[in-house]
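Asks: no sequence for this one, just the structure:
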């Protein structure tokens, strides 16, 4: 209630992460049914949709039961008035399904706050931008500039290398940033046909902003011509550096209009479902990567039992006892299911799976890519090995599946992802 009172019109926040849970050396014991009091205060100055708070849980005598340190709460973006979304029907509030799509929305620069910055900005730019690099150093002589190799022909490896480079810089900043200070980190990307290749870096910076409010991380897309005549770009970067709130993904159009990338709720399709062709059809052949993981099993049950699809599940590991029991359970309920051991980031493995699907079933209707590795950790302590284990099935796997099936008449290619990189 206190946080909501500080944010007029704000919706209920969602807890995202917590840095530390502290138990007193001699904790007090709360009796069952006894009242517990919470002492809540800001841990640091937040920004945009993020608040960092500390909470002390106390018994009726004021003795400490536990301490929650730097609990991150994320506030959902306020709904846009209907007039600002021309032609878009507002979804029914009672619907259990929320559909949203990322979109660029016009946004003025937030007002400056009173936070103190004691460190010069850090810029991340692509190679071959000598004019921009020189202009940045002239404007901010003490700034740090990291040169990123633009993702090229070996896209998966280049993206992974870029993520490792940015992660190392973020960890260095976290290790040296003074308490209470805000340090700006800006990834500068030309807004051209290849800017999508930096999407993974944008996801990393979003996670960093949620975990660590003391680093004002942003990805700024700018008109390509500004790299050679950067005077206007420098003025906009100066304003972005001093903006203390919010926006992580920012885009400037050629005439200086500022936009931010946000999730916008969209209305469900109102087509009469009785006359529309279903996405899933009886006896469709569906390949589910990561088929023996949590998401994979849920999807397999739904498609196999409810839609009577024929299923090909794949994964890197040999099925264990529980996995074999799951496959047997589906088969006993009449599901045509097979498991193939394969690493979807490897071309040879993907080719062999496709060949086996063609020999056994014929046409492949679609692929659901749910393969993934969980290695949860804060960015401050995440290792390069952890990063590689998590991103390879997602990035290299997704790119490999697309490359190997682009000539096949698939009905769909569906990807699962974490919501952390979206919020």
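Replies: Structure's in. What do you need? What you are looking at is a predicted structure, and each value in this text was computed from that prediction instead of being measured.
Asks: Roughly how far does residue 285 sit from residue 359?
Replies: According to Cβ to Cβ, to the nearest Å, residue 285 and residue 359 sit 12 Å apart. The way it works is simple: take the backbone N, C-alpha and C, and place the C-beta from them, glycine included.
Asks: Same check on residue 374?
Replies: In this view, residue 374 and residue 359 are 33 Å apart by Cβ to Cβ.
Asks: swap in residue 353?
Replies: Residue 353 is 11 Å from residue 359, by Cβ to Cβ.
Asks: if you count what's nearby, which of those two comes out ahead?
Replies: Taking neighbours as other Cβ atoms under 10 Å, residue 353 and residue 359 compare with residue 353 leading, 22 against 8.
Asks: show me what contacts that one?
Replies: Each residue near residue 353 by Cβ atoms under 8 Å, 6 or more residues apart in numbering is listed here: 287, 312, 314, 340, 342.
Asks: Need the buried ones from the residues you listed selected in PyMOL.
Replies: Buried members of these, defined by 16 or more other Cβ atoms under 10 Å, are picked up in PyMOL with:
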select buried, resi 287+312+314+340+342
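Asks: which one among the contacts of residue 353 gets closest to residue 296?
Replies: Nearest to residue 296 among the contacts of residue 353, counting by Cβ to Cβ, is residue 314 at 8.9 Å.
Asks: What is the particular helix or strand that has that closest one in it packed up against?
Replies: Assigned by DSSP states H and E, residue 314 belongs to strand 310-315. Under the contact definition 3 or more Cβ pairs under 8 Å, 6 or more residues apart in numbering; DSSP states H and E, strand 310-315 sits against strand 285-289, helix 294-301, strand 337-341, helix 347-360.
Asks: Show me what counts as buried in the second one.
Replies: Read it as helix 294-301. 296, 297, 299, 300, 301.
Asks: can you redo the residues you listed as CSV with distance to residue 378 and pLDDT?
Replies: Output for the buried residues of helix 294-301, formatted as CSV (distance: Cβ to Cβ, whole Å; pLDDT from 0 to 100):
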residue, distance to residue 378, pLDDT
296, 27, 95
297, 29, 96
299, 30, 96
300, 32, 97
301, 33, 96
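Asks: Generate a markdown table for those, with distance to residue 413 as supplementary columns.
Replies: Shown next, in a markdown table, are the buried residues of helix 294-301 (distance: Cβ to Cβ, whole Å):
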| residue | distance to residue 413 |
| --- | --- |
| 296 | 15 |
| 297 | 20 |
| 299 | 14 |
| 300 | 17 |
| 301 | 21 |
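Asks: Pick out whichever of those sits closest to residue 278.
Replies: residue 299 (15.8 Å).
Asks: got a list of contacts for the helix or strand where residue 322 lies?
Replies: Element membership of residue 322 [criterion: DSSP H and E] is helix 321-332. Outside helix 321-332, the residues that touch it by Cβ under 8 Å, 6+ apart are 292, 297, 300, 301, 304, 305, 311, 313, 319, 337, 339.
Asks: nearest spatial neighbour of the first one, skipping sequence neighbours?
Replies: If the residues on either side of it in the chain are set aside, residue 292 comes closest to residue 323, at 4.7 Å by Cβ to Cβ, 6 or more residues apart in numbering.
Asks: Look up how far residue 261 lies from the one you found.
Replies: Residue 323 sits 39 Å away from residue 261, going by Cβ to Cβ.
Asks: could I get the contacts of residue 353 as a markdown table with pLDDT?
Replies: Putting the contacts of residue 353 into a markdown table (pLDDT from 0 to 100) gives the following:
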| residue | pLDDT |
| --- | --- |
| 287 | 98 |
| 312 | 98 |
| 314 | 98 |
| 340 | 98 |
| 342 | 97 |
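Asks: which among the contacts of residue 353 gets closest to residue 133?
Replies: Set against residue 133, the nearest of those by Cβ to Cβ is residue 342 (43.4 Å).
Asks: The residue lying closest to the closest one once chain neighbours are set aside - how many residues pack around it?
Replies: Using Cβ to Cβ, 6+ apart and skipping residues adjacent in sequence, the residue nearest residue 342 is residue 349, 4.0 Å away. Residue 349 has 18 neighbours, counted by other Cβ under 10 Å.
Asks: And residue 349, what's its pLDDT?
Replies: Looking at residue 349, its pLDDT is 97.
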